[in-house]
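A.B. asks: based on what follows, work out the 3D shape:
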Amino acid sequence: MNFSVKALSNGGGRAGLLQVGSCSFETPALFLTTRKGLPTFISPDMLSSLPTPDSRLLQFSPLHLLESISMKTISEIGGLHQMLGLHEHVFAAVPRDGIISLPDYQSANKIGASFETPCGRLLIKPVQYMEMISSMKPNIWSTLADEVPAWVSEKRNKTSVDRTLRWLDDCITSPFAKNTGGAVFGSIVGGSRIDERKRCALEVAKRDVSGFCIGGFGLGESMDERPALLNAITECLPEDKPRQICGLGLPEEVLQGVAAGIDLFDSSYIYHLTLGGFALTFGSKGIAKHGSEDQLSDSCGDGTKINLKATIYRKDASPILEGCKCYTCQKHTKAYLNHLFNTHEMLAHILLEIHNAHHYLGFFRMIREAINRGKFNEFRQNFVSTRRDYIIGAASSA
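C.D. replies: Okay, the predicted model is just below:
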């Protein structure tokens, strides 16, 4: 794996190029969050309908596969690429995701990290985790971390950093590490304390890792305190290695991360939107506004998304977003999607996730273009202010 920074912009954003095997990706980039290696609703044959190569970055949690096929069987098949038949895609493994593998800080101990999963609460030791990584052979994998929410005590926070650093050493020195074939990203934690974030980042940077996975965000910290925490971390990291973050999904949160110099993001936001029947609708020149002002409350939108379950779309023969090139917008209407959702058809989530994934990948393309033009700060300010004005206008007309 190779990474290089190609452009810097005002406001802190940086554009780069990530080379993984024969695949090249421009950053900032989005990992499509998956369950067992595939997006929750999009089938393998429909993955090709998404923009390439951007859609070839897939993120998964090895814990998802503990409830099904054995690690020995996956290893004998040849790893996750071989099992799923997605040889041209890049898989990144992280212990935690924002869907069904959530950190449980209260049950973690010095032996291993605890997670809430559909299989119940699981305690994962570094050696177990490395056995999973060795069997699945992802292109990129992050080390085990003890992630804690923002409100824990100073003592518990310090303990999480100590454990994460110890588990990092256990992972990279494990006999299984030689058989992974992938690039290792060292995990960085520290909760809401800047001093612990810096300590962890400096220690991880000393290790032989190919990149960094910044964890512990999206666990209770406020939007206002997040920039200082992110900047404290990135200031301690080398410029020539990629930085991944878990837990930031909203457009405003992504823009915060990009401003701090983060390169790679997860997309659990897309899953949660799709599950609720929400479609992304903001455009390249700001946020696309749908409906007249007296319909704002009925459309259940906030300027970036609309609720396709709303009755206002029952007879709407237009696509989700005019000008969108995704398969769903080219083939179907809001009225049809409204029908599918209200009759509980599985196709509703399939078509909507295609649109949301396509649209959010386009959002990252817009971010990269703004950085390359040296106008990221203006892009960010325009996005945030446009959305704020929309919400204020919706509230005043309600």
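
A.B. asks: give me the neighbour count for K178.
C.D. replies: For K178, the tally of surrounding residues (other CB atoms under 10 Å) stands at 8. All C-beta atoms are positioned from the backbone trio N, CA, C, and that covers glycine.

A.B. asks: phi first, then psi, for it.
C.D. replies: For K178, the backbone dihedrals (degrees, to the nearest 10) come out as phi -70, psi -20.

A.B. asks: okay, it: pLDDT?
C.D. replies: At K178, the model reports a pLDDT of 84.

A.B. asks: can you give me the separation between it and T34?
C.D. replies: Taking CB to CB, to the nearest Å as the measure, K178 falls 26 Å from T34.

A.B. asks: do L168 as well
C.D. replies: For L168, the distance to T34 - CB to CB - is 24 Å.

A.B. asks: before we move on, what about N342?
C.D. replies: Distance check for N342 against T34: by CB to CB, it reads 27 Å.

A.B. asks: same thing with I367?
C.D. replies: Note on I367: its distance to T34, by CB to CB, is 22 Å.

A.B. asks: and if you look at A310?
C.D. replies: Separation of A310 from T34 (CB to CB) stands at 29 Å.

A.B. asks: more neighbours: which of the two?
C.D. replies: A count of neighbours by other CB under 10 Å puts T34 above the other of A310 and T34, at 24 against 20.

A.B. asks: what does the pLDDT read for the more buried one?
C.D. replies: pLDDT, T34: 93.

A.B. asks: these two touch, right, it and T40?
C.D. replies: Yes - here T34 reaches T40: they are 7.3 Å apart, a contact under CB atoms under 8 Å.

A.B. asks: quick one: least confident helix or strand in this protein?
C.D. replies: Ranked by mean pLDDT, DSSP states H and E, the helix or strand of the chain with the weakest confidence is helix 296-299, at a mean of 36.

A.B. asks: tell me which strands the following helix or strand past that helix pairs with, and in which orientation.
C.D. replies: Tracing the chain C-terminally past helix 296-299 and defining elements by DSSP states H and E, one meets strand 305-307 next. Strand 305-307 pairs in its sheet with strand 278-280 (antiparallel), by DSSP bridges.

A.B. asks: how far does the partner strand sit from its chain's centre?
C.D. replies: 17 Å (CA atoms, centre = their mean, to the nearest Å).

A.B. asks: for Q128, grab the count of nearby residues.
C.D. replies: If you count neighbours by other CB under 10 Å, Q128 ends up with 17.

A.B. asks: grab the nearest non-local neighbour of F31.
C.D. replies: What sits nearest to F31 in space, not counting adjacent residues and going by CB to CB, 6 or more residues apart in numbering, is Q59, at 3.7 Å.

A.B. asks: for that neighbour, which residues count as its bridge partners?
C.D. replies: According to DSSP bridges, the residues that bridge with Q59 are T33, A92.

A.B. asks: so R199 is in contact with G191, correct?
C.D. replies: No - when contacts are counted by CB under 8 Å, R199 is not listed as touching G191 (11.6 Å).

A.B. asks: mind listing the helices in the stretch 201-350 of the chain by residue range?
C.D. replies: Under the criterion DSSP state H, counting those that start in this stretch, the stretch 201-350 of the chain contains helices at 226-234, 251-259, 268-276, 296-299, 327-331, 334-342, 346-372.

A.B. asks: for A7, which of those helices is the nearest?
C.D. replies: Checking the helices of the stretch 201-350 of the chain against A7 by CB to CB gives helix 346-372 as the closest, at 5.1 Å.

A.B. asks: how about that closest one: buried residues?
C.D. replies: Of the residues in helix 346-372, those with enough neighbours to count as buried (16 or more other CB atoms under 10 Å) are 348-365, 367-368, 370-371.

A.B. asks: I'd like the average pLDDT over that helix.
C.D. replies: Per-residue pLDDT values over helix 346-372 give a mean of 96.

A.B. asks: go on, stretch 15-30?
C.D. replies: Model confidence over stretch 15-30, given as mean pLDDT, is 95.

A.B. asks: list the buried residues of it.
C.D. replies: Going by neighbour count (16+ other CB under 10 Å), the buried part of stretch 15-30 is 15-16, 18, 20, 25-30.
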